[in-house]
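quick one: sequence plus predicted model below, questions after.
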Amino acid sequence: MYAIATVALPLFIFLISLLFLTLCYTRKRSRSLLTDWPVFGMLPGLLNNRARVFDFVTEILKQHRGTFFVKGPVFGNMDTMITCDPANINYILCKNFPNFGKGPGFKDIFAPLGDGIFIAESELWENQRRLSKSAINHASFYEFVAAATWRKLETGLIPILEHFSDKRMAVDLQDLFKRFTFDCFCITILGHDPASLSIDLPHLLHEKAFSIAEEAGLYRHLLPGVVWKTQKWLQIGREGKLSRAMEAIDEYISYCISLKHDGQINPVEPDILTSCSKALAEKGADDPAANIISKKVLKDLMLNLIFAGKDTISATLTWLFWLLATNPAEEEKIRNEVAANSGEPGKWTFNTTEGMNKLIYLHGAVCEALRLFPPVAAQHKSPLKDDVLPSGHLIKANTRTFLIFYSMGRMESIWGEDCLEFKPGRWISKEGRIKVEPAYKFTAFNAGPKTCLGKDVSFLQMKMAAAAMISRFKIEVAEGHLVQPSESIILHMRHGLNVKVSKYA
């Protein structure tokens with residue numbers, strides 16, 4: 001171990017020093033340029049713009065008609081193809097799906113997620129998806145999610161917002177949404193309520209751990225493997241925080257599974273853990289799924305499902321309410337729609353899932369938030385063999401490929417000259433129905449064989465939370481609050497969303 005350190009540490013210090021000098025020089029140059037430097041390739045430009053990486057990449061893609069090859073440093077195997085061209089997206093995710101896997105470096109980057117559904121490939125992925133789909137599509141699951149979400153709104157989020165309204169205190173709405181979705185997903189996936197959403201706003205490491213993991217995930221993409229792997233080995237920086245965060249998450253999920261096995265959590269509720277456990281128990285010893293999905297894989301599957309849903313929904317709700325606060329005329333249209341479908345003005349309550357389908361304009365607003373600020377801003381792919389994209393770009397086997405969904409929502413060629421404007425009406429047809437856009441154009445829920453299984457459930461939860469809040473509260477962004485996307489694989493707001501809340505009379 002000491003011998004490795006004597007070689008690795010000096011090399012690491014030299015590379016970091018050289019990179020620092022390059023970055024200092026790069027800052028003097030135009031931020032819109034992505035220069036191909038000796039040794040470091042285009043990495044300095046990306047790191048110099050890391051605080052605005054998705055907007056920076058969007059500028060590059062606009063200059064290069066939606067597709068660009070990023071030259072990485074000579075070390076680290078980081079050459080990357082980036083694209084937001086719908087034809088390329090369709091080709092990669094749908095038409096030639098078998099040739100585009102996660103790539104050789106993907107599992108290392110997302111190792112904290114274990115062997116769960118978003119890391120697994122081939123037979124292991126197929127069995128987890130089949131098992132998850134069966135649980136999510138169960139007749140009682142949708143109603144179970146709706147009931148659990150409304151309880152958490154009625155007993156958690158609404159009382160807390162009333163508290164801050166009465167105290168005339170600002171509150172971080174993003175933090176409340178993260179707690180709200182964490183509790184909801186733990187209930188519907190694990191059958192356990194961690195009660196992170198309460199008046200005292202307790203600090204729970206296993207709830208905060210997900211944001212730590214998401215930030216580390218982005219940096220693992222941007223930095224050469226030797227850098228973050230050295231941090232991991234020394235347990236310093238983001239990698240040290242990541243290790244402690246994942247330990248907390250693992251302990252919590254293991255605790256919930258043990259409660260389930262001991263009968264301390266209601267065994268008849270249709271939460272996903274219960275449904276999956278029962279389905280596996282009913283399979284014979286010769287069934288492939290029973291052998292492939294071990295106890296560890298089942299635990300990793302639960303982790304992946306929480307990871308996929310918790311912060312994607314909280315991020316979308318955060319951006320939605322910022323968009324509404326900065327577009328009051330659109331917010332008023334939604335408030336009128338909610339009032340027209342409510343039994344008592346200002347007191348909207350959830351009754352039936354059918355009633356949610358009447359909130360057409362609200363649905364359009366959620367779609368706009370997803371278009372402009374997709375919670376998963378980019379997706380990582382890698383071709384198994386050489387290929388040619390519809391745009392004409394040659395892509396070699398194992399080349400890192402990023403589908404930049406964030407940029408797609410900002411392309412005039414895709415959404416028109418008003419693409420940067422928040423217009424829920426663009427999603428509504430002349431007949432008053434929701435327009436259905438192709439999945440490779442509106443990529444918030446992925447496309448092709450890996451289309452998100454929880455799309456309908458996600459819309460239900462987001463619309464329920466939005467309707468409950470819009471009918472009761474006026475949300476205003478605190479004066480001077482800076483709104484920027486975070487440096488994370490999930491598109492949170494970097495500084496949260498500090499707001500003032502006031503109740504409607």
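Cool, the structure landed.

residues of stretch 148-162 that come out buried?
Within stretch 148-162, the residues that count as buried by 16 or more other C-beta atoms under 10 Å are Ala148, Thr149, Trp150, Lys152, Leu153, Gly156, Leu157, Ile158, Ile160, Leu161. All C-beta atoms are positioned from the backbone trio N, CA, C, and that covers glycine.

which non-adjacent residue is nearest His363?
With sequence-adjacent residues excluded and distances taken as C-beta to C-beta, 6 or more residues apart in numbering, His363 is closest to Ile434, at 5.6 Å.

for stretch 248-268, what is the average pLDDT?
Mean pLDDT, taken over the full extent of stretch 248-268, equals 79.

what ranges in the protein fall below the confidence cut-off?
Residue ranges of the chain with pLDDT under 70: 1-33, 76, 262-268, 284-291, 343-346, 505.

remind me, longest helix of it?
Taking DSSP state H as the assignment, the helix of the chain that covers the most residues is helix 295-325.

mind jotting down where the helices sit in the stretch 51-200 of the chain?
Assigned by DSSP state H, counting those that start in this stretch, the stretch 51-200 of the chain shows helices spanning 53-63, 86-90, 106-109, 122-136, 141-152, 158-167, 173-185.

who wins for proximity to Pro224 among these?
Distances from Pro224 to each of those were compared using C-beta to C-beta; the shortest belongs to helix 106-109, at 12.0 Å.

what sits up against that closest one?
With C-beta atoms under 8 Å, 6 or more residues apart in numbering as the contact definition, helix 106-109 has outside contacts at Ile119, Gly217, Arg220, His221, Gly225, His380, Ser382.

hmm, the last one is touching Asn398, no?
Yep, that's Ser382 we're talking about. Yes: counting by C-beta atoms under 8 Å, Asn398 is a contact partner of Ser382 at 5.6 Å.

the more surrounded of the two?
Taking neighbours as other C-beta atoms under 10 Å, Ser382 and Asn398 compare with Ser382 leading, 20 against 17.

where's that one, which helix or strand?
strand 378-383 (DSSP states H and E).

and the very next helix or strand once past that strand, how far out from the chain middle?
Using DSSP H and E, the next helix or strand after strand 378-383 towards the C-terminus is strand 387-388. Centroid displacement of strand 387-388 relative to its chain, using C-alpha atoms, centre = their mean, to the nearest Å, is 29 Å.

for Arg168, what are its contacts?
With contact set as C-beta under 8 Å, 6+ apart, Arg168 has these partners: Lys500.

please tell me how far it sits from Glu476.
Applying C-beta to C-beta, to the nearest Å, one obtains 12 Å for the distance of Arg168 from Glu476.

same check on Ala111?
Counting by C-beta to C-beta, the gap between Ala111 and Glu476 amounts to 42 Å.

ditto for Arg335
Following C-beta to C-beta, the distance that separates Arg335 from Glu476 is 14 Å.

check Lys95 too.
Per C-beta to C-beta, Lys95 is found 46 Å from Glu476.

what does Leu460 give?
Leu460 sits 27 Å away from Glu476, taking C-beta to C-beta as the criterion.

name the residue in the two with the higher neighbour count.
Looking at Leu460 and Glu476 with other C-beta under 10 Å, you find the greater number of neighbours at Leu460, namely 19 against 13.

could you pull out the buried residues of the one helix or strand the more buried one maps to?
Element membership of Leu460 [criterion: DSSP H and E] is helix 455-470. Buried residues in helix 455-470, defined by neighbour count with 16+ other C-beta under 10 Å: 457-470.

repeat for stretch 215-232
Neighbour-count burial for stretch 215-232 flags 215-221, 223-225, 227-228, 230-232 (criterion: 16+ other C-beta under 10 Å).

show me the residues you listed that map onto helices.
215-221, 225, 227-228, 230-232.

any residues in contact with both of Ser382 and Asn398?
With contacts taken as C-beta under 8 Å, 6+ apart, Ser382 and Asn398 have Gly103, Pro104 as neighbours in common.

hang on, the earlier thing: of the buried residues of stretch 215-232, just say which sits nearest to Cys419.
Where those are concerned, and distances follow C-beta to C-beta, Cys419 has its nearest neighbour in Leu218, at 24.5 Å.

that closest one contacts Pro485, doesn't it?
No: with contacts counted by C-beta under 8 Å, Leu218 stays clear of Pro485, the gap being 10.8 Å.

distance of Ala365 from Lys333?
9 Å.

what touches both of these two?
Taking C-beta under 8 Å, 6+ apart as the contact criterion, the residues that touch both Ala365 and Lys333 are Pro424.

Ile470 versus Leu176, what's the distance?
As for Leu176, its distance to Ile470 is 15 Å (criterion: C-beta to C-beta).

Lys296 now?
Counting by C-beta to C-beta - Lys296 and Ile470 are separated by 43 Å.

kindly report the same for Lys441.
Using C-beta to C-beta, we find Lys441 at a distance of 28 Å from Ile470.

which helices and strands does the strand or helix carrying Ile249 pack with?
When elements are assigned from DSSP H and E, Ile249 belongs to helix 237-261. If you count contacts as 3 or more C-beta pairs under 8 Å, 6 or more residues apart in numbering; DSSP states H and E, helix 237-261 packs onto helix 205-222, helix 225-234, helix 272-282, helix 295-325.

at 6 Å what do you get?
Secondary-structure packing of helix 237-261 (3 or more C-beta pairs under 6 Å, 6 or more residues apart in numbering; DSSP states H and E): helix 205-222, helix 225-234, helix 295-325.

work out the gap between the longest one and the centre of the chain.
Going by C-alpha atoms, centre = their mean, the spacing between the C-alpha centre of helix 295-325 and its chain's C-alpha centre is 6 Å.

which strands and helices sit next to that helix?
On a contact count with 3+ C-beta pairs under 6 Å, 6+ apart, helix 295-325 meets helix 173-185, helix 237-261, helix 360-372, helix 455-470, strand 473-477.

re the thing from before, strand partners (parallel or antiparallel) of the strand holding Ser382?
strand 100-101 (antiparallel), strand 400-404 (antiparallel) (DSSP bridges).

neighbouring contacts of stretch 490-503?
Stretch 490-503 is contacted from outside by 161, 164-165, 170, 172-175, 214, 311, 315, 318, 322, 373, 375, 377, 473-478, 481-482, 484-486, using C-beta atoms under 6 Å, 6 or more residues apart in numbering.

narrow these to those that are buried.
The buried subset of those (16+ other C-beta under 10 Å) comprises 161, 164-165, 170, 172-175, 214, 311, 315, 318, 322, 373, 375, 377, 473-475, 477, 485-486.

what's across from Ile395 in the sheet?
Partner residues in beta bridges with Ile395: Asp387, with DSSP bridges as the criterion.

that one: neighbour count?
Counted by other C-beta under 10 Å, the residues lying close to Ile395 total 25.

for it, list the residues it contacts.
The neighbours of Ile395, taking C-beta under 6 Å, 6+ apart as the test, are Met81, Pro383, Asp387.

what kind of secondary structure is the nearest residue to Phe473 once chain neighbours are set aside in?
Using C-beta to C-beta, 6+ apart and skipping the chain neighbours, the partner closest in space to Phe473 is Val501 (5.2 Å). Under DSSP: H, G, I helix; E, B strand; the rest coil, Val501 falls in the strand class.

cool, thanks, signing off.
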